[in-house]
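**Q** based on what follows, work out the 3D shape:
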Amino acid sequence: MRKLFVGTSGWAYSSWKPDFYPPKTPATKFLSYYASQLNSVEVNYTFRTWASAKALKGWCDAVPDGFSFAVKAHQRITHIKRLKDVAADVTDFCKSVSPLSSAGKLGPILFQLPPYLKLDEERLRSFLGCIPSRIQAAIEFRNESWFTSRVFDTMREHDVALCVAESDELQVPEVVTASFAYFRFRRSQYSELELLKIERCLRSAAQQCDVFAFLKHEETAEGALNARRILARVGQRERIAS
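**A** Numbers count the residues shown, from 1 in each chain. Below you'll find the model as predicted:
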């Protein structure tokens, strides 16, 4: 089995005590404890503001080797300019997260599109040409018009992953378009049977390529606890402990 990274979209939640974080854990130690239990996190912070080099170094120092930070691209690229004429913005954003890359802890960059942005193949092609080849990139389409074989083929040409996301409103088809897979599980609740289905899905995908999967973060610790259970079931938590 290839590498399987599982986590949540964030870690800085004091409300996760005591179910996930031990009761006396200070906020400054949340990330290091999180990284002792899970092996990846999706950073939403970078969607609204660029993290400083000092902050990124602090994140890297808090986690062990083998931990991966997936980062959400800035809204200027995806929501304000909506992928149009963003070559310089993409370059600048990739440079801004280079401390993670230099530390060997940068996972994919997620470009999450707004629901109102509909299919535009020419815009997509132009945007994909802006992404540096050294960067693992994933796109989360939130409008069904993008789910076409032509779009998927275009993404394969650039080795960009289709983010397979599910929510209460939308289900993205499970299509592989890159040398890695990216999943987001965003439904409001998951039953035990549904968690077992997620586990089987990730286990199957990891037979073919590295997999990144993130469960919905909430004020409760449910997402983090479910992520930890999934890692334990597929035998990946033992690798963190070692």
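
**Q** going along the chain, name the strands of this protein.
**A** 4-8, 40-43, 68-72, 106-112, 137-140, 161-166, 180-185, 210-215 (DSSP state E).

**Q** show me the contacts for L117.
**A** 82-83, 142-143 (Cβ atoms under 8 Å, 6 or more residues apart in numbering). Bear in mind the C-beta positions are built from the backbone N, C-alpha and C, glycine included.

**Q** what's the angle from the top helix by length along the chain to strand 210-215?
**A** Under DSSP state H, the helix in the chain containing the largest number of residues is helix 192-205. With axes from the mean of the first three to the mean of the last three Cα atoms, to 10 degrees defining the directions, helix 192-205 sits at 160 degrees from strand 210-215.

**Q** could you list the buried residues of helix 192-205?
**A** By neighbour count on 16 or more other Cβ atoms under 10 Å, the buried set for helix 192-205 is 195, 198-199, 201-203, 205.

**Q** tell me how far E199 lies from I139.
**A** According to Cβ to Cβ, to the nearest Å, E199 stands 25 Å off from I139.

**Q** list the buried residues for stretch 25-37?
**A** Under 16+ other Cβ under 10 Å, the buried positions of stretch 25-37 are 25, 30-31, 33-35, 37.

**Q** same check, this time on stretch 119-137
**A** The neighbour-count check on stretch 119-137 (16+ other Cβ under 10 Å) flags 124, 127-128, 130-131, 135-137 as buried.

**Q** mind putting the residues you listed into a markdown table with pLDDT and distance to R233?
**A** Below are the buried residues of stretch 119-137 laid out as a markdown table (pLDDT from 0 to 100; distance: Cβ to Cβ, whole Å):
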| residue | pLDDT | distance to R233 |
| --- | --- | --- |
| L124 | 98 | 36 |
| F127 | 98 | 37 |
| L128 | 98 | 35 |
| C130 | 96 | 39 |
| I131 | 97 | 34 |
| I135 | 96 | 31 |
| Q136 | 98 | 25 |
| A137 | 98 | 29 |
